[in-house]
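Colleague: got a predicted structure here, sequence first:
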Amino acid sequence: MTDLTAIKAQARKAGFARRKEAHGMHKPGVAGHLSEVLAGYRGVPLSGYMPIRTEIDPVAAMAEAAAHGPVGVPVIMSAGQPLKFSRWQPEAPLRDGPFGAKVPEVDDFFDPEILIVPLVAFDAQGGRLGYGGGFYDRTLEGLRAKRPTLAIGFAFDAQEAQDLPLEPTDQPLDMLITESRVLQFQR
């Protein structure tokens, strides 16, 4: 294990603990700012995610956006590969996907232009620490090579960290939305 691997593991452990505590104090309406931001992008193909464990829940904002354009959720195809995004509709049948996340029962893949990205920790410069599989980094790199793609991190305020251990392959966020604020980053 490299020093960076150990440092990232420690940062994830601390991030998970902060996220768990914030999730335990869960209040209604945590997706309010996310809904407001997405309203400005009506009709633009986007992907959210079905929350697992203690992730902040974007489903209410995704449902509002689905009334105006395509909304998808990530599907893990295999380790080391980018994500694919399958069209999602509120109340549509779902099946169990890898890692416990629900995915549409029938896949209908498309490329989103906006990704709502789950995370373990973030910093004030748009850095993101994920679970360590690199799925979103590979996916964002591929999508951004084709066309501008907006990466919106969605997290609890408590998930903010100082001095995240980041690597050159870590894709930055363009925006970060929490239950209380919206941060935009210049790239």
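Modeller: Cool, got the structure.
Colleague: contact partners for Arg128?
Modeller: By C-beta atoms under 8 Å, 6 or more residues apart in numbering, the contact set of Arg128 is 117, 119, 121-122, 136, 153, 164, 170-173. All C-beta spots, glycine's among them, are computed from the backbone N, C-alpha and C.
Colleague: based on its surroundings, how many neighbours for Ala67?
Modeller: 10 (other C-beta atoms under 10 Å).
Colleague: which outside residues touch the host helix or strand of Ala22?
Modeller: Element membership for Ala22 (DSSP states H and E) is helix 3-24. For helix 3-24, contacts defined as C-beta under 8 Å, 6+ apart pick out 1, 54-56, 119-121, 129, 131-132, 155-159, 161, 164-165, 167.
Colleague: show me the strands in this structure, by range?
Modeller: Under the criterion DSSP state E, strands of the chain are mapped to 46-47, 71-75, 84-87, 94-96, 102-104, 114-117, 121-122, 128-129, 150-154, 175-177, 182-184.
Colleague: is it possible to get TSV of these that adds distance to Leu34 and mean pLDDT?
Modeller: Listed next are those as TSV, based on distance: least, C-beta to C-beta, whole Å; pLDDT from 0 to 100:
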stretch	distance to Leu34	mean pLDDT
strand 46-47	11	98
strand 71-75	12	97
strand 84-87	17	98
strand 94-96	21	95
strand 102-104	19	95
strand 114-117	7	98
strand 121-122	14	97
strand 128-129	16	96
strand 150-154	6	98
strand 175-177	5	98
strand 182-184	9	96
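Colleague: Serialize these to a markdown table and add fields for distance to His23.
Modeller: Shown next, in a markdown table, are those (distance: least, C-beta to C-beta, whole Å):
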| stretch | distance to His23 |
| --- | --- |
| strand 46-47 | 22 |
| strand 71-75 | 20 |
| strand 84-87 | 25 |
| strand 94-96 | 21 |
| strand 102-104 | 18 |
| strand 114-117 | 17 |
| strand 121-122 | 14 |
| strand 128-129 | 17 |
| strand 150-154 | 13 |
| strand 175-177 | 16 |
| strand 182-184 | 20 |
